[in-house]
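Student: return atomic coordinates for the entry below.
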Amino acid sequence: MQELWLLKQQWDEELPPSYALQWQKYRSELELVHECSLPRAVVPVHASADRVELYGFADASCRAYGAAIYVRVIDKHGGISANLLAAKSKVAPVRVVSLPRLELEGARLLAQLMEKIKRCAPESLSKVGYFTDSTIVLSWIASHASRWTTFVANRVAIIQELSNAQEWYKIESKQNPADIVCRGLYTSQLKASSLWWQGPEFLQLPDEQRTLGEWQGPEGLPEQRNNKFSLLACPKIIIDDILGGSKYAKDFLKLTRVFGFIYRWRQIAQKIDSTRAKELTALELKGGLNYVVFNLQALGFYTEIEKLRNGKIISSSKIQALNPFLDQSEGIEIIRVGGRLSRANVPFDTKHPMLLPNNHIVVKSLFEYTHRSNMHVGAQALCAFVRQRFWVINARKLARSTAECSKE
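Tutor: Below you'll find the model as predicted:
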């Protein structure tokens, strides 16, 4: 039927000669179906069952895939019987699918059919086994589903959920009764096929005389997922976050004064200045402020600083549009904002404000300090006061949150 559909054959058109012969053969074989018989009782009624085992077989061809399940019963006297319990098949899809994928579909169909039968089976079910003649499918099932491409991974996950990977075995194609399901057999041949009605010969043998198929996975398995690892190399930040860990992190003025004394100690250690005054000078306060800004920028813009040092263009960065540059006029590298105010008659800090990130507690304390110092102005005015010396990323958002908190 599928082949006729691919030929786009209309329902009232005569069949091509080759298909007409196939149909006539199929129709004549249908008359022999009544000659096929099987026992009503799967478990023999003449002897009490000591053990009940289920064995399933899966196979596929380019035309169909399917599964067959057999029940093996061992009575108390050691007698063994095996009979067909259930079978199911499906036509292969019209689009071209590789044979290993179809074999996997057969294995999935077997696992799902076996799960339905196990729900109806007696609780004394002693063993379950699954067989396929594809070592590729066995290798897929034996490994974690995440190793394979989406198609294979989804079906392997279903199989692993419904069965145990240790219960899957290899079987030769000529001994696999599921081969009859996927390749088909005329009724005249089927009625005399012991492979179909009783399963492979090893099901009739005692346990000590049979060995379940061992297998070895092939090299270079198909359908492996191409794992792409992205290695992010992050330069080591040599300046730790000493600002956030300071007890003065929430008091911007005190923090600036602490770093002002550090600036003084550095000047004395380098014999640049030997002042011993108690109060900090304006130069030392400015130096302390530069130290605070330097630490904040090292934490927030380390990559950008490295590029500016090496004369590289800052691309795909949030500060690219600010035309930043490194100012080294005071012995400390500070990123400042460029722009068109270089000839304006305003202070240098206003022309080129120092750049600051917005995600640090010290920057928040800067806004709070500026807010208090200017009589709790509104968010717009607060942002203007801060920008007289600093350019904070997303400053308006931080200004609004600071102004709103003060109202509460």
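
Student: so how many other residues sit close to residue 206?
Tutor: Residues near residue 206, counting by other C-beta atoms under 10 Å, number 9. Glycine gets a C-beta too; all of them are placed from N, C-alpha and C.

Student: residue 26 too?
Tutor: 12.

Student: hey, which helix or strand in this protein has the poorest pLDDT?
Tutor: helix 2-6 (a mean of 74; mean pLDDT, DSSP states H and E).

Student: distance of residue 267 from residue 257?
Tutor: The gap separating residue 267 from residue 257 is 15 Å, by C-beta to C-beta, to the nearest Å.

Student: so residue 335 lies in a helix, does it not?
Tutor: No: Residue 335 is assigned strand when assessed by DSSP: H, G, I helix; E, B strand; the rest coil, not a helix.

Student: so it touches residue 353, yeah?
Tutor: No: using C-beta atoms under 8 Å as the test, residue 335 is too far from residue 353 to be in contact (10.1 Å).

Student: can you map out the helices along the stretch 101-250 of the chain?
Tutor: Counting by DSSP state H, counting those that start in this stretch, the stretch 101-250 of the chain has helices at residues 135-142, 150-162, 178-183, 187-190, 194-198.

Student: so for the second one, mean pLDDT?
Tutor: Spelled out, it's helix 150-162. If you average the pLDDT over helix 150-162, you get 95.

Student: pLDDT weak spots in the stretch 201-350 of the chain?
Tutor: Across the stretch 201-350 of the chain, the ranges flagged by pLDDT under 70 are 227-240, 272-276, 316-317, 329-330.

Student: ranges for the strands of it?
Tutor: 325-327, 334-336 (DSSP state E, counting those that start in this stretch).

Student: select, out of these, the one closest to residue 319.
Tutor: The minimum distance between residue 319 and the strands of the stretch 201-350 of the chain falls on strand 334-336, with 7.8 Å, by C-beta to C-beta.

Student: elements contacting that closest one?
Tutor: Secondary-structure packing of strand 334-336 (3 or more C-beta pairs under 8 Å, 6 or more residues apart in numbering; DSSP states H and E): helix 282-300, helix 302-309, strand 325-327, strand 354-356.

Student: cutoff 6 Å now
Tutor: Taking 3 or more C-beta pairs under 6 Å, 6 or more residues apart in numbering; DSSP states H and E as contact, the helices and strands that strand 334-336 lies on are strand 354-356.

Student: what's the spacing between the strand it packs on and its chain's center?
Tutor: Between the centre of strand 354-356 and the centre of its chain there are 39 Å (C-alpha atoms, centre = their mean, to the nearest Å).

Student: repeat that for stretch 134-153.
Tutor: That offset, for stretch 134-153, works out to 16 Å (C-alpha atoms, centre = their mean).

Student: how close does residue 251 sit to residue 243?
Tutor: Distance from residue 251 to residue 243, by C-beta to C-beta: 12 Å.

Student: now residue 218
Tutor: Residue 218 is 60 Å from residue 243, where distance means C-beta to C-beta.

Student: again with residue 226
Tutor: In terms of C-beta to C-beta, residue 226 sits 44 Å off from residue 243.

Student: tell me which of these two has more neighbours.
Tutor: residue 243 (21 against 5).

Student: for the more buried one, list the residues it contacts.
Tutor: Residue 243 makes contact with 249, 295, 362 under the criterion C-beta atoms under 6 Å, 6 or more residues apart in numbering.

Student: roughly how far does it sit from residue 385?
Tutor: 22 Å.

Student: what does residue 395 give?
Tutor: Taking C-beta to C-beta, one finds residue 395 at 11 Å from residue 385.

Student: pick out whichever of those two has more residues nearby.
Tutor: Set side by side, residue 395 and residue 385 show more neighbours around residue 395, with 20 against 16, by other C-beta under 10 Å.

Student: could you find the closest non-adjacent residue to the more buried one?
Tutor: Computed as C-beta to C-beta, 6 or more residues apart in numbering, the closest residue to residue 395 that is not its neighbour in sequence is residue 383, at 5.2 Å.

Student: need the pLDDT of the one you found.
Tutor: pLDDT, residue 383: 92.

Student: same question for residue 198.
Tutor: At residue 198, pLDDT is 93.

Student: that one: what's it in contact with?
Tutor: Applying C-beta under 6 Å, 6+ apart, the residues near residue 198 are residue 82.

Student: going forward, count from 53.
Tutor: In the new count, where the first residue is 53, that last one comes out as residue 250.
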